[in-house]
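**Q** Sequence and predicted structure below; questions after.
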Amino acid sequence: MIILTALALAATSVPQDMVPKSPAEAIAIANAHPERGTTGVFAMNVAAAERRPNALYLNSTSDYRSPDNVTFHLTPAAAKSLEKRLGAKPETMLIGKRVTVRGQIRNVPIANTVSGRPHSMNRYQHSVLVREASQVTVQ
C-alpha cells in the first residue's frame, strides 16, 4: 500500500524544472550560470511594460534598471500574436497580471555608450527571450 501511494504521488508531482520560478529565483539561476542561459518556467506580476518597434518588454519591477528586475522580452511576432490572442494591447492589459513564460533566463550585458558605440560595461539585465506567444500564459 505504501509503495502504491508513493507511486501515485510521484505520478502527480510536477517536475522541478516545470515549477514556475519567482523573479528572485530566476535571478539566482541566471547569476549561477552567467555564461549561458538556463531553461525553465518563470513567473511574475507585471509591474511595467513598454513596446518598442523591435520588442515588447514586460518587467517585474517599475524600473527596468533595478537589479531585482526580470524582463520578458517578446519579439515583435510574439507580441503581435499575444495581442491577437488577448484581444488587447499586452503592454496595457498585462500590468498587474501574473504572467508565466517558458524559456531561457540569461544575463544580458548592458553597456554604456558614447556616440552610440559601446564604451564600458554598465550592468547585467536578467531576461527571458520569448519568440512565440505559445510560451506565455496569463493568469
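**A** Received, thanks. Numbering: from 1, shown residues only.
**Q** C-alpha only now, for contacts and for neighbours.
**A** Noted.
**Q** Can you check the distance spanned by stretch 83-95, start to finish?
**A** Taking Cα to Cα, to the nearest Å as the measure, stretch 83-95 stretches 14 Å from start to finish.
**Q** Can you mark which positions in it are buried?
**A** 83, 90-91, 94-95 (16 or more other Cα atoms under 10 Å).
**Q** how far out from the middle of the chain is it?
**A** Centroid separation between stretch 83-95 and its chain, computed with Cα atoms, centre = their mean, to the nearest Å, is 16 Å.
**Q** hmm, who's touching it?
**A** Residues from elsewhere that reach stretch 83-95 (Cα atoms under 8 Å, 6 or more residues apart in numbering): 45-51, 56-58, 79, 82, 138.
**Q** Swap in 7 Å and give it another go.
**A** 46-51 (Cα atoms under 7 Å, 6 or more residues apart in numbering).
**Q** now those in CSV, with secondary structure and pLDDT?
**A** Shown next, in CSV, are the contacts of stretch 83-95 (DSSP: H, G, I helix; E, B strand; the rest coil; pLDDT from 0 to 100):
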residue, secondary structure, pLDDT
46, coil, 98
47, coil, 98
48, strand, 98
49, strand, 98
50, strand, 96
51, strand, 96
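**Q** quick one: which of these is nearest residue 100?
**A** residue 46 (10.0 Å; Cα to Cα).
**Q** distance of the closest one from residue 102?
**A** 16 Å.
**Q** For the two, indicate the residue with more neighbours.
**A** With neighbours defined as other Cα atoms under 10 Å, residue 46 and residue 102 compare such that residue 46 has more, 23 against 20.
**Q** quick one, what contacts that one?
**A** Contact analysis of residue 46 by Cα under 7 Å, 6+ apart lists 58-60, 94-99.
**Q** any idea how far residue 96 is from it?
**A** 5 Å.
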